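> need a structure here:
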Amino acid sequence: MTVRVTTLKGAAAGAYYVEALPNYYLDADEPRGIWHGQAAGMFGLSGSVDDEAFLALMAGLDPRDPDRLLGNGYSERSVRGFDVTASSPKSVSVLWAVGDDWVRAEVLAAHDAAVAAVAGWIEAHAHTRFRLDGEVVVVDAEGIVAAGFRQHTSRALDPQLHTHLVVANRVKSPDGRWLALDARTLKRDQRTLSALFHAAERAELTRRLGVEWGPVVNGIAEIDGIDRRMIEEFSTRTKAVNARLSVKLDRFETTKGREPTQRERWQLEREAAVDSRPAKDHAVNAAVLHERWVVQVRDLGVDPEALLAGVIGRSLDAHCDVGDLDPLASIDAAIDALAEQQSSWRPAEIVRELAAQFPTTLAATADEVVAVADLLGYGIDAGQGMELGPPAPASVERRDSDGRPITESALDRAITQWWILEEEAFVLDWAGRGIDPTQHLSNRATLDRCPTEASSAQREAAAAIAGTAPVVLVVGPAGTGKTTAMRPAVEQLRVEGRGVFGVAPSAIAASVLTAETGVRADTIDKLLAEHRSGYPKPAFDLPAGTTVIVDEAGMLATAKLAELIRLAEQRSWRLALVGDPLQFSAVGRGGMFGMIVDTHGGIELDRVHRFTKRLGTRRVPPTPSR
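Below you'll find the predicted structure:
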């Protein structure tokens, strides 16, 4: 993801963009910034950014009359705006750095068009909130005011095209008041903004220069024909951030005893970027930097002229346009991609996957790309997903932007597939049927095998794993003594002549499980693959009654867990799921281990959490995990 949204707070929030930002590397005669947004026109703002008008807006004042407040005044720590920073792929920046005047102009035009299209998407989905008849409502804003400040280098003075799109925290509501922007969607949909920006810039560059692209990974592709060595040569800043991030990750895991969650990792990445940020070198100019970059390319053994000749115009005969796209196939592919990663999704997330999956041969304007992705993503019908949550009354007023009730947040709409609900309900029902909250109490032999220093929770877990209940749940974050609980259980199962086998998400984790507990172990993928073939090898052809210990169960994708459960039911195995719901999830739709524990309880090694036996009829499927 190379579009990031930063919240700007305090009285000095706008000063950086008109004081520090313009002082380092600005091409001659280039505008300091460009106004964006329909609401800018309400203030007569267009073209190049005027410093005083920009500072007035960031202070919550009317740029036409700086003595007039726009809405309520700001406090010292109020949110003044949001910096949506859009960065081009490194290969695009390299092409611009070594290109001639025409190539540079086309690259900049493509970048600017993509930024403008993203600004338009933000505006189309901009909302504000206020109370109406005692209830908070979310309504469409009448445009945004934003200023785009384009830059050309990273702080390490490598070529890096990026634009700071600063969105003011004031929007006009339908009743004429200037209120705060409801920024929840802006913050939540950073990945959507990134995918839209990159798809739009790719289409513009394909249209303008006829470049070809490598594979799209996480929504981003590099220009085909630009050597990887050049990308690495001009990625000094990335190397510094990654080095700092590695240190932070090691420290986190040592201190916390676990891997960071996805949200915690994002926070560490931001901290690493700040910690490794060098001071800006203001004593540079465009000509010197371009000469330096050309020399660096030549030092790699690449001739800049030959590079341009080999990259420009390669795809001119293989273009497609937006009219060639298959809408239904595009939506199906986007939903399939989402279903692999999560249990429910919002229209903005469909937009994200659509943008990422548009063909790299698409030659179109940035506005066309964003418009098509938005139209398809928000235009899904009942046949392409199931709405979660109660239906809204027909009498409720609805927003024009997404057709949703104004009493509903733009983040509230959730869509899923029926088979995802069935799969998750199957896993939860299996756990509810198989758990026996009392059977471990009579397992005296296993308790006697536990070391004297074992806690009551570790003893309980050991007895349960070596018991007879079809399902055992043990919550064991790193450092809470999983080995102490599992080793005596494995020993007791062997003494009783009962089979025991271990699986883990990775070969390394399986090896550690074997080394620490003595159990034979392998990856869950191997176990499942062997049985899919119908002729499992002896090591995986486990007899009925075998206890299968699933280590790091919190990392299992839901589809793999469901497949393992079905296999265990067919083969009459017991499953002991041992893991940490907070552990960084593996690739794929996950979170079911945490949902099982939340629903049915589990033995927690840092404290004992007794099960609550749930009796009665089949439960209504819960809201899918995310």
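> rest of the way, CA atoms for contacts and neighbours
Noted.
> Geometrically speaking, which residue is the centre of the chain?
The residue lying closest to the centre of the chain (Cα atoms, centre = their mean) is Arg191, at 6.1 Å.
> starting at the chain centroid, how far to the longest helix along the chain?
With secondary structure taken from DSSP state H, the chain has its longest helix at helix 101-124. Computed by Cα atoms, centre = their mean, to the nearest Å, the separation of helix 101-124 from the middle of its chain amounts to 24 Å.
> What are the buried residues along it?
When burial is assessed from 16 or more other Cα atoms under 10 Å, helix 101-124 yields the following buried residues: 103-104, 106-124.
> just to revisit the earlier point, was I right about the residue nearest to the centre of the chain contacting Val351?
No. With contact defined as Cα atoms under 8 Å, Arg191 does not count as touching Val351 (10.1 Å).
> Enumerate every residue touching Val500.
Val490, Leu493, Arg494, Val519, Arg520, Thr546, Thr547, Val548, Ile549 (Cα atoms under 8 Å, 6 or more residues apart in numbering).
> can you pull out the helices in the stretch 351-500 of the chain?
Along the stretch 351-500 of the chain, counting by DSSP state H, counting those that start in this stretch, helices occupy 366-378, 418-434, 444-449, 456-465, 482-495.
> Let's see the longest one as PDB, backbone CA atoms only.
It stands for helix 418-434. Presented in PDB, the C-alpha positions along helix 418-434 are these (Å, rounded to 0.1, in the frame of the first residue of the first chain):
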ATOM      1  CA  TRP A 418     -24.000 -17.900   2.000                       C
ATOM      2  CA  TRP A 419     -21.300 -20.600   2.000                       C
ATOM      3  CA  ILE A 420     -19.100 -18.500   4.200                       C
ATOM      4  CA  LEU A 421     -21.800 -18.300   6.800                       C
ATOM      5  CA  GLU A 422     -22.400 -22.100   6.500                       C
ATOM      6  CA  GLU A 423     -18.700 -22.900   6.900                       C
ATOM      7  CA  GLU A 424     -18.300 -20.700  10.000                       C
ATOM      8  CA  ALA A 425     -21.600 -22.100  11.500                       C
ATOM      9  CA  PHE A 426     -20.300 -25.600  10.900                       C
ATOM     10  CA  VAL A 427     -17.000 -25.000  12.700                       C
ATOM     11  CA  LEU A 428     -18.800 -23.400  15.700                       C
ATOM     12  CA  ASP A 429     -21.400 -26.200  15.900                       C
ATOM     13  CA  TRP A 430     -18.600 -28.800  15.700                       C
ATOM     14  CA  ALA A 431     -16.800 -27.200  18.600                       C
ATOM     15  CA  GLY A 432     -20.100 -27.000  20.700                       C
ATOM     16  CA  ARG A 433     -20.800 -30.700  20.100                       C
ATOM     17  CA  GLY A 434     -17.300 -31.900  20.900                       C
END
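> Which residues in that helix does the neighbour count mark as buried?
Applying a neighbour-count criterion of 16+ other Cα under 10 Å, one finds Ile420, Leu421, Glu423, Glu424, Ala425, Phe426, Val427, Leu428, Asp429, Trp430, Ala431, Gly432 buried in helix 418-434.
> neighbours around the residue nearest to Gly99 when sequence neighbours are not counted, how many?
Distance criterion Cα to Cα, 6 or more residues apart in numbering; nearest residue to Gly99, sequence neighbours excluded, is Leu308 at 6.9 Å. For Leu308, the neighbour count with other Cα atoms under 10 Å is 17.
> just Ile331 next, same as before
Neighbour count for Ile331, taken as other Cα under 10 Å: 22.
> Report all helices and strands that the host helix or strand of it contacts.
Counting by DSSP states H and E, the element that carries Ile331 is helix 327-341. If you count contacts as 3 or more Cα pairs under 8 Å, 6 or more residues apart in numbering; DSSP states H and E, helix 327-341 packs onto helix 347-357, helix 366-378.
> Which one of those lies nearest to Pro451?
Closest approach to Pro451 among the helices and strands packed on helix 327-341 (Cα to Cα): helix 347-357, 50.4 Å.
> what inclination does the closest one have with respect to helix 327-341?
With axes from the mean of the first three to the mean of the last three Cα atoms, to 10 degrees defining the directions, helix 347-357 sits at 110 degrees from helix 327-341.
> Now do helix 347-357: everything it contacts.
With Cα under 8 Å, 6+ apart as the criterion, helix 347-357 contacts 189, 191-193, 195-196, 199, 216, 218-220, 330-331, 333-335, 337-338, 369-370, 373-374, 376-378, 413.
> any idea of the angle that helix forms with helix 366-378?
Using the same axes, to 10 degrees: helix 347-357 against helix 366-378 is 130 degrees.
> Can we start the residue count at 145 from this point?
Happy to do that; since the first residue is 145 now, the last one works out to helix 491-501.
> how distant is helix 491-501 from the center of its chain?
When distances are taken as Cα atoms, centre = their mean, helix 491-501 is centred 12 Å away from the chain's centroid.
> What segments of the stretch 145-294 of the chain are helices?
159-162, 182-186, 195-202, 234-242, 245-268.
> Which one of those lies nearest to Ala291?
Nearest to Ala291 among these is helix 195-202; the distance by Cα to Cα comes to 7.7 Å.
> list the buried ones in the closest one?
Within helix 195-202, the residues scored as buried using 16+ other Cα under 10 Å are Ala197, Phe198, Leu199, Ala200, Leu201, Met202.
> these two touch, right, the fourth one and Asp211?
No. Ala200 is beyond contact range of Asp211, at 9.4 Å (criterion: Cα under 8 Å).
> hmm, back to that, can you say which of the contacts of helix 491-501 are buried?
333, 335-337, 339-340, 343, 360, 363-364, 474-475, 477-479, 481-482, 513-514, 517-518, 520-522.
> Ser317: neighbour count?
21.
> again with the one 10 residues further on
Look at Ala327: counted by other Cα under 10 Å, it has 16 neighbours.
> measure it to Trp563 for me?
Noted for Ala327: a distance of 33 Å to Trp563, by Cα to Cα, to the nearest Å.
> Now do the contacts for Asp284.
Taking Cα under 8 Å, 6+ apart, one finds His269, Ala270, His271, Thr272, Ser317, Pro318, Arg543, Asp544, Ser545 in contact with Asp284.
> Please apply the same query to Gly215.
Gly215 touches Gly204, Arg321, Trp322, Leu323, counting by Cα under 8 Å, 6+ apart.
> Help me confirm that the last one comes into contact with Ala312.
Think Leu323. No. If you go by Cα under 8 Å, Leu323 and Ala312 don't touch, sitting 10.8 Å apart.
> out of these two, which sits in the busier spot?
Taking neighbours as other Cα under 10 Å, Leu323 and Ala312 compare with Ala312 leading, 24 against 20.
> these two touch, right, the more buried one and Ala290?
Yes. If you go by Cα under 8 Å, Ala312 and Ala290 touch, sitting 5.9 Å apart.
> re earlier: of all the helices and strands packed on helix 471-485, which lies closest to Ala183?
Closest among the helices and strands packed on helix 471-485, using Cα to Cα: helix 510-522, at 18.7 Å.
> Just give the number of residues close to the closest residue to Ala478 other than its chain neighbours.
Spatial nearest neighbour of Ala478, excluding adjacent residues (Cα to Cα, 6+ apart): Glu497 at 5.0 Å. For Glu497, the count of nearby residues is 26 (other Cα under 10 Å).
> and what of Thr612?
By the criterion of other Cα under 10 Å, Thr612 has 18 neighbours.
> now do Phe187
When neighbours are defined as other Cα under 10 Å, Phe187 has 14 of them.
> Distance of it relative to Thr509?
Phe187 sits 28 Å away from Thr509, going by Cα to Cα.
> again with Gly547
Gly547 sits 27 Å away from Thr509, going by Cα to Cα.
> Neighbour count for these two, which is higher?
More crowded of Gly547 and Thr509, by other Cα under 10 Å: Thr509, with 24 against 11.
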